[in-house]
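Student: output the structure for:
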Amino acid sequence: MKIEVRNVSKAFKKNIVLEDVNITFEDGYIYGFKGRNGSGKTVLLKIICGIYKATKGQVLYDEKEYNKATEYVPEVRALIEKPCFFPDLTGFENLKLLAKIQNKIGEKEIINALEEVNLIEEKDKKFSKYSLGMKQKLGIAQVIMENPHILILDEPFNALEKESVEKIKKFLLKEREKGKIIIISSHMEGDLESFADKIFNFEGGKVE
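Tutor: Okay, the predicted model is just below:
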């Protein structure tokens, strides 16, 4: 699959957040979005996912523009901004509920995802009792559990301990070898340099 961001600009009223962005994403690569908070990384991720519409330009998935179609972008799972789940359900129950939407996976795949993010021991704890790091892990687990072709992770390593960060990076490297497209944003030095194949720098609405 190929994702093409063509001449994309985004403005909120008179505030230009992104200006004439052109990026192509291809199978088998990890792409990093680097820049300070507010530099437009999350906005572009939302445009790629179809959550926002670009003020100008297009996002094409194998030449199809889903923002002008009546269907959702296929094979995409994303964690963007703060993970939100039902507070009175456990981590496992939340993922099980989400899995029912498409009925593609069972409990085994959910358990595997929780193990990959180092959350298996807290799977039966209510989400309201989760720490910030646990909430972040649950958000990553919901991205990976259905084995999507495109994984989009916005600041995924926030509040995570070093052991979990390294484990998740190793998992993402394995997913890259399977030919997947992985897009990760971060404002932290060192989060991306060790394992991203291509890093795009965001500054002043421009992307290089």
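
Student: the helix ranked longest in the chain: how far from the chain's middle?
Tutor: The longest helix of the chain (DSSP state H) is helix 162-177. Offset of helix 162-177 from its chain centre (Cα atoms, centre = their mean, to the nearest Å): 14 Å.

Student: list the buried ones in it?
Tutor: For helix 162-177, the neighbour count (16 or more other Cβ atoms under 10 Å) marks 164, 167-169, 171-172, 175-176 as buried. (Each C-beta comes from the backbone N, C-alpha and C, glycine too.)

Student: which strands and helices lie in contact with it?
Tutor: When contacts are defined as 3 or more Cβ pairs under 8 Å, 6 or more residues apart in numbering; DSSP states H and E, helix 162-177 packs onto strand 29-34, helix 107-116, helix 132-144, strand 181-186.

Student: tell me the average confidence for it?
Tutor: Helix 162-177 shows a mean pLDDT of 96 in the predicted model.

Student: next, the angle from it to strand 181-186.
Tutor: Counting by axes from the mean of the first three to the mean of the last three Cα atoms, to 10 degrees, helix 162-177 lies at 150 degrees to strand 181-186.

Student: just the CA coordinates for helix 162-177, please, in PDB.
Tutor: Provided in PDB are the C-alpha atoms of helix 162-177 (Å, rounded to 0.1, in the frame of the first residue of the first chain):
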ATOM      1  CA  LYS A 162      12.300   2.200  29.700                       C
ATOM      2  CA  GLU A 163      11.600  -1.600  29.600                       C
ATOM      3  CA  SER A 164       8.200  -1.200  28.000                       C
ATOM      4  CA  VAL A 165       9.500   1.400  25.500                       C
ATOM      5  CA  GLU A 166      12.200  -1.100  24.400                       C
ATOM      6  CA  LYS A 167       9.700  -3.900  24.200                       C
ATOM      7  CA  ILE A 168       7.300  -1.900  22.100                       C
ATOM      8  CA  LYS A 169      10.000  -0.700  19.800                       C
ATOM      9  CA  LYS A 170      11.100  -4.300  19.200                       C
ATOM     10  CA  PHE A 171       7.500  -5.200  18.400                       C
ATOM     11  CA  LEU A 172       7.200  -2.400  15.900                       C
ATOM     12  CA  LEU A 173      10.400  -3.400  14.200                       C
ATOM     13  CA  LYS A 174       9.000  -6.900  13.700                       C
ATOM     14  CA  GLU A 175       5.800  -5.400  12.300                       C
ATOM     15  CA  ARG A 176       7.900  -3.300   9.800                       C
ATOM     16  CA  GLU A 177       9.500  -6.600   8.600                       C
END
